[in-house]
Structures are given as C-alpha cells and as structure tokens.
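# Everything below, folded, please.
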Amino acid sequence: MGGDMKESLLDLAGDEAESSLEKKIWISQSFMGHIGSTHLAAYALVLTVLFGFVLGIQLGMVGGVGTLCGQAYGAKQYEKLGIYLQQSCIILLVVCILVTPLFVFAAPVLKALGQDHSIADMAGDVAPWFIAVVFLYGAMYGCNAYLQSQSKNFILSCYAIVSLLVHVLLSWFLVVKLEFGVSGVIIEFCYNLILILLTGKMENAEVAIDALSICLIITGWTTVVSGGFLSAVSVRVSNELGRKDTIAAKFSIVTTLVMSVSIGAC
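A predicted model of the protein is given here:
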C-alpha cells in the first residue's frame, strides 16, 4: 500500500508541477523587459497587486470545488462532477465581473495606495488588457479542479507543454517582430502584494519594482514542486474521504509529509 500510495502521489505531484509552469506569466514579464523599464514596472505592479489579489480569490473558490469534486469522484457519484463544474464556472464568472472595475480604474487605485504616479499611469494603460486574462483564468481553474479530482493530470500536462511553447512563440512574434509592445505581451500571488506596495514607495521605485518582480518570479519557480504535492494530497484525501476510507486519507497525509520533508532536506 505504501509503495502504491507513494507512486500515485509522485505521479499527481509531477503532473501538477509541470502544468503549474504554464500558469506563471514569467514569459510575458521577461518579454516586457525588452520594451522598457517603466513598462516592466507597470506590468509587475498590475500582475502582483491587482491580478494577484483576484487570483487569490479565484484559487480560494476553486479549492472548494476541487474538494467537492474529489469526494464525489471517490464516492462514484460521477453525475455530481459536471454539476460542480457548471456551478463553479457560474460563480467564478460573477466574481470576474465584480472585480473588473479594479482593472478599469487601476491608475487611481494604485495612486491611492501610494504608488509612484508615473508608474501608476502606465499601469492604468496595461491593466485593462488583464480583464480577458482574469476571465480565462477563472474558466481554466474550474476545469483544472474538475480534471485533478479524477487524477487526469496528464491532460493538464499536455495542455501546459503545448501552451508554453505557443506562448513563447506568440510573445516573440508580437513583441519582437510586430512590435506591439505592451498590448502584444498581454494578448499573449498576499505577501507579494505587500512587498510590491512597499517597493512602490521607495526612491527610484521603477528599478526597485523591476528587481523585486524578477526575484519573485524566481521564487515562484521553487514553489512549483511544493504546489504539486499540495494538489496531489488534496486529490488523494478527497477521493479517499469520498470512499469513506479515513485510514487511507490519513496515510496519504503522512506519506506526503514524509516525502516533502525528505525532498526539502535534500
């Protein structure tokens, strides 16, 4: 049982970590650096403060959807999976509509938070392009939770690889070849918010925000593995609870803790 549980968790965590690489918008931010430092700072400000705030709300809601879908799948109540998916899409759609004004009025919001006015004005031009991204992420997270609850992470991995390659190609084509600038990049997470807000109040805020956002991207790469284990144990525990097998659920948690500590120690 222990070997099977370990192999199952590693498969789930590996697929989720791989698919998580696609969810990071580090590619777009790296291409934004080719346009200019002010554009990069504005993009980083919108991404980490406004989009990060909205993303936290979406992830919180999707966490509940993943638990419900996992329990339904474990209990073999497959008809409920589609219902939960539909309900999550409707709820996330409403949330996306409610947070849209944040991106429409990004400049005054960021100025009210004490950010540098020149960067805030540039962020006001960048932010509206994030509206479509917010809606797409809402739909994507609902589908991700639906598939993860059934341990179908391989589908997400294939999607992530293809999407990653297409994203790089389109970013290069729109920014470098067509010179679309900010719109070309856009077409194609709480402590972060606090740090970015604080750096926005520093002298030479443009350079400070640029440097911090790049450091946060590198830090984000290191959390991909831990995020994979988090999703893996969530799926396993939900499935086992749905089967009313509390012993297996507890064993999943213990196995994940041991594996996480071992990997962290290495």
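# Please make it C-alpha for all contacts and neighbour counts, starting now.
OK.
# Need the mean per-residue confidence for the top helix by length along the chain.
With DSSP state H applied, the helix covering the greatest number of residues in the chain is identified as helix 79-104. Mean pLDDT, helix 79-104: 88.
# which parts of it are buried?
Under the neighbour-count criterion of 16 or more other C-alpha atoms under 10 Å, helix 79-104 has 81, 84-85, 88-89, 92-93, 95-96, 99-100, 102-104 buried.
# Verify the contact between Tyr43 and Ala123 for me.
Yes. Taking contacts as C-alpha atoms under 8 Å, Tyr43 lies within contact range of Ala123: 6.4 Å.
# what do those two both touch?
The contact sets of Tyr43 and Ala123 do not overlap (C-alpha atoms under 8 Å, 6 or more residues apart in numbering).
# The two: which has the busier surroundings?
For Tyr43 versus Ala123, the count of surrounding residues by other C-alpha atoms under 10 Å is larger for Tyr43: 30 against 27.
# how near is that one to Leu136?
18 Å (C-alpha to C-alpha, to the nearest Å).
# again, but for His117
Relative to Leu136, and taking C-alpha to C-alpha, His117 is found at 29 Å.
# Let me see the mean pLDDT of stretch 251-262.
Per-residue pLDDT values over stretch 251-262 give a mean of 69.
# Going forward, the N-terminal residue is numbered 320.
Happy to do that; since the first residue is 320 now, the last one works out to stretch 570-581.
# Closest one of the buried residues of helix 398-423 to Ala567?
When the buried residues of helix 398-423 are compared for distance to Ala567 (C-alpha to C-alpha), Leu400 comes out closest, at 22.1 Å.
# Give me the nearest residue to that closest one, chain neighbours excluded.
Once flanking residues are discounted, Leu400 sits nearest to Cys388: 5.5 Å by C-alpha to C-alpha, 6 or more residues apart in numbering.
# Confirm for me that the one you found is in contact with Tyr465.
Yes. Contact criterion C-alpha under 8 Å: Cys388 and Tyr465 qualify, at 6.4 Å.
# what sits in contact with each of these two?
Where contact means C-alpha under 8 Å, 6+ apart, the residues bridging Cys388 and Tyr465 through contact with each are Leu400.
# Looking only at neighbour counts, state which of those two leads.
Set Cys388 next to Tyr465 and count neighbours by other C-alpha under 10 Å: Cys388 wins out with 29 against 25.
# Tell me the buried residues in whatever helix or strand the more buried one lives in?
With elements taken from DSSP states H and E, the one containing Cys388 is helix 371-393. Residues of helix 371-393 classed as buried under the neighbour-count rule (16+ other C-alpha under 10 Å) are 371-374, 377-378, 380-381, 384-393.
# that older thread, list the buried residues in the helix or strand following the longest helix of the chain.
If you walk from helix 398-423 toward the C-terminus, the next helix or strand you reach (DSSP H and E) is helix 425-431. Of all the residues in helix 425-431, those buried under the rule 16+ other C-alpha under 10 Å are Ala425, Ala426, Pro427, Val428, Leu429.
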